[in-house]
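> from the sequence below, what's the structure:
(one chain, ligands or ions: 1)
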Amino acid sequence: MSENFKINRFVRYVGVNDRKTHLFENLWPLPQGVSYNAYLVIGEKIALIDTVEACFTAELLEKIVRTVGNRPLDYLVINHMEPDHSSSINAVRQAYPDVQIVGNAKTLQMLEGYYGIHKGTLEVKEGDSLCLGGETLRFYLTPMVHWPETMMTYCEQEKLLFSGDAFGTFGALNGAVLDQDMDLSPYWDEMYRYYANIVGKYGSPVQKALQKLSGLNIQAICPTHGPVWKKEISRVIGIYDKLSRYEGEKGVVIAYGSMYGNTAQTAMHMAEELAALGMEPVVMHNLSVSPLSEVLRDVFKYRGLVIGSPTYNAGIFPPVEALLNALAARNVKNRVYGCFGSFTWAGAAAGKLQDFGVAMNWDSAGEPLELKQGYTKEKTEACALLAKNLVAKL
Ligand code: FEO
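Numbers count the residues shown, from 1 in each chain. Next up, the predicted model:
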């Protein structure tokens, strides 16, 4: 077994990398792939922590055998039942018929619902432990990070936290598993995108989980996606803490729709005025072009937000509306907000965008800028005022 897969003396990585799936959850793009991480904790007894997506079952089983030879698995701990981690459970059970499946009450209900498994299970509750002989696993329930049954498993002797989706990132692993052995630059933006796309709705449960874990001495975080964190533990916890408090960094996202370029001109003038005031970064997204996944990443990352839309069917342009729906679903908080809209014969978008900011309880940078038909010079003054108000609040 490669040394790369050695997390420490008694813990091994047996996860896999997916570079063939285009869309995670059939929804979110995976330009750099994704890993499904699973781990073996090897005491006198052996526990497998989570499984992998079903297309990769054979690779998981082969890695287990390569690691422990013909020793059987004693336990399969299920931290999370979403099928990207659970859909190899039946195959693991077939390969290791005596393995006991460990989960909390909600896990076991889902185990039966998804896979018809109701025997050979061991229910654990908050704070329960499982002794492997030499290694002890303790369980912490962390509901809604990212599903109701989610829990984390802490290996007491090794001080490792198996965190499930928390602290995960998109991006397959390119050989190395530990953060200290790889170039991390591709993963930071992917962590924001992963959080915003997948976990973003659950800020409050993430905060509760962080508080629950705050007393643990953690030497490594082993998530279900992305690198194992040893060197960057505090940075990673800091990112999740900030994101789950919806605390954006200084910067402005301008997200707009435009049918014929007039609303786009307004967006461009807004960007120029912001840049002239020294604001950076200013990130622009044409919502007919940028993937929603990346727009959400940037909205979660930065505190300033400007949204623009033409009036379409007496409402908001559909790609802009899709963004509003995604932001409302995630209950994004604490944004400094400006908006602009355009129309040809009857204005609707500007007012609706303003109402949206009020409904989200965002800090308004002023009245919406409204454009009738083409862009005119006078609008540049209105852009400048909105930009000035935004910058003053950031
Ligand atoms: Fe990676 Fe919520 O599953």
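> give me the nearest residue to Gly33, chain neighbours excluded.
Ala172 (3.2 Å; Cβ to Cβ, 6 or more residues apart in numbering). The way it works is simple: take the backbone N, C-alpha and C, and place the C-beta from them, glycine included.
> surely that neighbour is in contact with Thr21?
No. Ala172 lies out of contact with Thr21 (Cβ atoms under 8 Å); the separation is 10.1 Å.
> between those two, which has more neighbouring residues?
Ala172 (17 against 14; other Cβ atoms under 10 Å).
> would you agree that one falls within a helix?
No. Ala172: not assigned to a helix; according to DSSP: H, G, I helix; E, B strand; the rest coil it is coil.
> okay, strands next: where are they in the stretch 251-394 of the chain?
Using DSSP state E, counting those that start in this stretch, the strands found in the stretch 251-394 of the chain span residues 282-286, 302-312, 315-316, 336-343, 363-364, 369-372.
> need those in JSON lines (columns: mean neighbour count).
What follows is those, written out as JSON lines (neighbours: other Cβ atoms under 10 Å):
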{"stretch": "strand 282-286", "mean neighbour count": "19"}
{"stretch": "strand 302-312", "mean neighbour count": "25"}
{"stretch": "strand 315-316", "mean neighbour count": "18"}
{"stretch": "strand 336-343", "mean neighbour count": "26"}
{"stretch": "strand 363-364", "mean neighbour count": "16"}
{"stretch": "strand 369-372", "mean neighbour count": "20"}
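> what about the residue of the stretch 51-200 of the chain found nearest the ligand, neighbour count?
Here the stretch 51-200 of the chain gets closest to the ligand at one residue, Glu82, 3.5 Å apart by Cβ to the nearest ligand atom. Using other Cβ under 10 Å, Glu82 has 19 neighbouring residues.
> cool, and Pro97?
8.
> and it, which of the three is it?
Three-state call for Pro97 (three-state DSSP): coil.
> now do the contacts for it.
Going by Cβ atoms under 8 Å, 6 or more residues apart in numbering, Pro97 touches no other residue.
> before we move on, the earlier item: pull the contacting residues for the residue nearest to Gly33.
Here Ala172 is in contact with Asn17, Asp18, Arg19, Gln32, Gly33, Val34, Ser35 (Cβ under 8 Å, 6+ apart).
> repeat that for Glu158.
Contacts of Glu158 by Cβ under 8 Å, 6+ apart are Asn8, Arg9, Phe10, Val11, Val41, Glu135, Gln219, Ala220.
> which helix or strand contains it?
Per DSSP states H and E: Glu158 is located in neither a helix nor a strand.
> looking at it now. What's its pLDDT?
We have a pLDDT of 94 for Glu158.
> for it, grab phi and psi.
phi -90, psi -10 (degrees, to the nearest 10).
> give the buried residues for stretch 146-162.
Within stretch 146-162, the residues that count as buried by 16 or more other Cβ atoms under 10 Å are 146-147, 149-155, 158, 160-162.
> which ones among those also lie next to the ligand?
His146 (Cβ under 6 Å from any ligand atom).
> quick one: least confident of the buried residues of stretch 146-162?
Out of these, that is His146, at 88.
> residue contacts, that residue?
His146 neighbours (Cβ under 8 Å, 6+ apart): His80, Glu82, Gly164, Asp165, Ala166, Ile198, Val199, Tyr202.
> was I right about the second one contacting Trp147?
In this case it means Glu82. Yes. Here Glu82 reaches Trp147: they are 6.0 Å apart, a contact under Cβ under 8 Å.
> surely Gly366 meets Asn389?
Yes. When contacts are counted by Cβ under 8 Å, Gly366 is listed as touching Asn389 (4.8 Å).
> can you give the contact residues for the lowest-mean-pLDDT helix or strand in the chain?
The least trusted helix or strand in the chain, going by mean pLDDT, DSSP states H and E, turns out to be strand 6-8, with a mean of 92. Surrounding strand 6-8, the residues in contact under the criterion Cβ under 8 Å, 6+ apart are Arg12, Tyr13, Tyr39, Glu158, Leu160, Val177, Leu178, Ala220, Cys222, Val228.
> at 6 Å what do you get?
For strand 6-8, contacts defined as Cβ atoms under 6 Å, 6 or more residues apart in numbering pick out Tyr13, Glu158, Val228.
> over to stretch 116-129?
Gln100, Ile101, Val102, Asn104, Ala105, Leu108, Leu111, Glu112, Thr136, Arg138, Phe139, Leu141.
> for the last one, the count of nearby residues, please.
If you count neighbours by other Cβ under 10 Å, Leu141 ends up with 21.
> I'd guessed it sits against Met151; true?
Yes. Under the criterion of Cβ atoms under 6 Å, Leu141 is in contact with Met151, at a separation of 4.9 Å.
> what residues are shared contacts of these two?
Common neighbours of Leu141 and Met151 (Cβ under 6 Å, 6+ apart) are Asn104.
> get me the contact residues on the stretch 101-250 of the chain for the ligand.
His146, Asp165, Thr224, His225.
> from the residues you listed, which single one is nearest Ser185?
Closest approach to Ser185 among those (Cβ to Cβ): His225, at 17.3 Å.
> which stretches of the stretch 51-200 of the chain form strands?
Using DSSP E, counting those that start in this stretch, strands in the stretch 51-200 of the chain cover 75-77, 100-103, 121-123, 129-131, 136-141, 151-155, 160-164.
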